[in-house]
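Novice: pasting the sequence and the predicted model now:
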Amino acid sequence: LCLSVSLYPNRPTHSTSAKRTTIMPKNKGKGGKNRRRGKNENEADKRELIFKEDGQEYAQVTKMLGNGRLEAMCFDGVKRLCHIRGKLRKKVWINQGDIILLGLRDYQDAKADVILKYNADEARNLKTYGELPESAKINETDTYGGGKEEDEVVFDYDENEEVDDI
């Protein structure tokens with residue numbers, strides 16, 4: 001005779017396929033990730049055109065450096081390292097070639113802070129009002145003051161020379 005002794009007397013010794021129902025928690029929030037991201041309603045409404053004051057200067061972005069910084073060529077002829085302020089940092093995307101308004105620093109002439117980014121229509125209006133020089137290029141990656149090419153690489157080679165001889 002063989003008796004099976006179970007360590008758990010309340011459990012059946014044979015397998016049962018009982019349905020398990022999982023109770024999900026109720027939604028208490030007002031939405032998910034996309035709601036927190038929000039709608040970008042800044043594009044739709046027209047804002048008043050802001051002109052520069054003393055201690056400010058117009059500039060065009062020449063290079064994005066990362067970490068909230070960029071290099072900009074100001075329309076007074078000085079190239080400055082600029083810091084994007086926190087209000088603009090993740091809400092307003094700044095790209096190479098954009099026209100921006102900088103707040104100049106009294107104690108550092110080579111550095112400035114980005115106050116405002118102008119969209120293409122506002123930049124064209126600034127150009128027609130005479131605030132920006134005629135040489136300023138709007139909506140182009142070829143930027144103001146970029147007459148010289150820094151990234152141009154020239155290779156010298158002889159057409160008669162074979163690759164194996166090198």
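Specialist: Received it, and whenever you're ready, just let me know what you need. Fair warning: this is a prediction, and the values are worked out from it, not measured in the lab.
Novice: where does pLDDT dip in this structure?
Specialist: Residue ranges of the chain with pLDDT under 70: 1-19, 29-45, 140-152, 155-166.
Novice: what is the top strand by length along the chain packed up against?
Specialist: Longest strand in the chain by number of residues (criterion: DSSP state E): strand 56-66. Counting contacts by 3 or more Cβ pairs under 8 Å, 6 or more residues apart in numbering; DSSP states H and E, strand 56-66 packs against strand 69-74, strand 79-84, strand 99-104, strand 111-118. In short, each C-beta sits where N, CA and C put it, glycine included.
Novice: for the longest helix along the chain, C-alpha coordinates in PDB please.
Specialist: Secondary structure of the chain per DSSP state H: the longest helix is helix 120-128. Extracted in PDB, the C-alpha atoms of helix 120-128 (Å, rounded to 0.1, in the frame of the first residue of the first chain):
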ATOM      1  CA  ALA A 120      11.100  83.200 -40.200                       C
ATOM      2  CA  ASP A 121       8.300  85.800 -40.500                       C
ATOM      3  CA  GLU A 122       9.500  87.900 -37.600                       C
ATOM      4  CA  ALA A 123      13.100  87.800 -38.900                       C
ATOM      5  CA  ARG A 124      11.900  89.000 -42.300                       C
ATOM      6  CA  ASN A 125      10.000  91.800 -40.600                       C
ATOM      7  CA  LEU A 126      13.100  92.800 -38.700                       C
ATOM      8  CA  LYS A 127      15.000  92.900 -42.000                       C
ATOM      9  CA  THR A 128      12.400  95.100 -43.600                       C
END
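Novice: next, the angle strand 99-104 makes with that helix.
Specialist: In terms of direction (axes from the mean of the first three to the mean of the last three Cα atoms, to 10 degrees), helix 120-128 departs from strand 99-104 by 70 degrees.
Novice: residues touching helix 120-128, excluding its own?
Specialist: Leu49, Phe51, Tyr58, Ile99, Tyr118, Leu132, Glu134, Ala136, Ile138, Asn139 (Cβ atoms under 8 Å, 6 or more residues apart in numbering).
Novice: about what we covered before: save the helices and strands packed on strand 56-66 as TSV, and put in mean neighbour count too.
Specialist: Compiled in TSV, the helices and strands packed on strand 56-66 are given as follows (neighbours: other Cβ atoms under 10 Å):
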stretch	mean neighbour count
strand 69-74	20
strand 79-84	18
strand 99-104	22
strand 111-118	19
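Novice: that concludes my questions; thank you for your assistance.
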